[in-house]
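Undergrad: What follows is a predicted protein model with its sequence.
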Amino acid sequence: MSSVIPLAAQYHLELLAVQSEMESFYKIDDPSKRTFPSLYGFRQPQNLDEYLKVKAKQTEVTAREESKGLGDRTYQGLLSHGLNKVRKLEDFAKDVSKSMSEQPFDTELEEDLKVDYLDHIMKHKPYKATRAQFKEWSADA
């Protein structure tokens, strides 16, 4: 019986293969639910910075293994090529981070925060107040 090897494990430095792993830091809150097939044999990173550091280490290990018996020049060439791919992953991470920070705030979440905040005000109010007085407040008021 043949086993299926994930693309991310076979092409651990190719952006298209590891893109979903990188995006998981923004989409999956629970670190234990994130998977990293491209990092087989390496520790699971807790954040994107750690992920990129592990990718750089993985590049060094791969270059060392692939250049055994071929000399230092081959090792340096493979390492340089791999680190250029890691830089592309870093650029992608910066782009994703920037696009996530530019996304509009979730209006449903904003409304929930407003309700929670008003509940807190009503519970601990130091003066007479009613909910109607706060009707026009925004969540960041």
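TA: Great, that's in hand.
Undergrad: Quick check: phi and psi on the closest residue to Ser67 other than its chain neighbours?
TA: Once flanking residues are discounted, Ser67 sits nearest to Tyr75: 3.9 Å by Cβ to Cβ, 6 or more residues apart in numbering. Heads up, the C-betas are built off the backbone N, CA and C, glycines and all. The phi and psi torsions at Tyr75 (degrees, to the nearest 10) take the values phi -60, psi -50.
Undergrad: middle-most residue in this protein, spatially?
TA: Nearest to the geometric centre of the chain sits Phe25, at 2.7 Å (Cα atoms, centre = their mean).
Undergrad: Per-residue pLDDT of it, please?
TA: Listed pLDDT for Phe25 reads 82.
Undergrad: go on, Tyr75?
TA: Looking at Tyr75, its pLDDT stands at 90.
Undergrad: Domains in the chain, by residue range?
TA: Domain ranges of the chain: 7-103, 104-141, per automatic domain parsing.
Undergrad: which residue packs closest to the residue nearest to the centre of the chain, ignoring adjacent ones?
TA: The shortest distance from Phe25 to any non-neighbouring residue, by Cβ to Cβ, 6+ apart, is to Leu48 (4.6 Å).
Undergrad: who touches the one you found in this structure?
TA: Each residue near Leu48 by Cβ atoms under 8 Å, 6 or more residues apart in numbering is listed here: 22, 25, 93, 97.
Undergrad: Within the helices and strands, which one has the second one?
TA: Following DSSP states H and E, one finds Phe25 within helix 15-27.
Undergrad: Just the C-alphas of that helix, formatted as CSV.
TA: In CSV, the C-alpha atoms belonging to helix 15-27 read as follows (Å, rounded to 0.1, in the frame of the first residue of the first chain):
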residue,chain,number,x,y,z
LEU,A,15,5.5,29.1,-1.1
LEU,A,16,2.6,27.4,-2.8
ALA,A,17,3.2,24.2,-0.8
VAL,A,18,3.6,25.9,2.6
GLN,A,19,1.3,28.9,2.2
SER,A,20,-1.5,27.3,4.2
GLU,A,21,0.9,26.5,7.0
MET,A,22,1.9,30.1,7.3
GLU,A,23,-1.7,31.4,7.0
SER,A,24,-2.7,29.1,9.9
PHE,A,25,-1.0,31.5,12.3
TYR,A,26,-3.7,34.0,11.4
LYS,A,27,-6.6,31.6,11.0
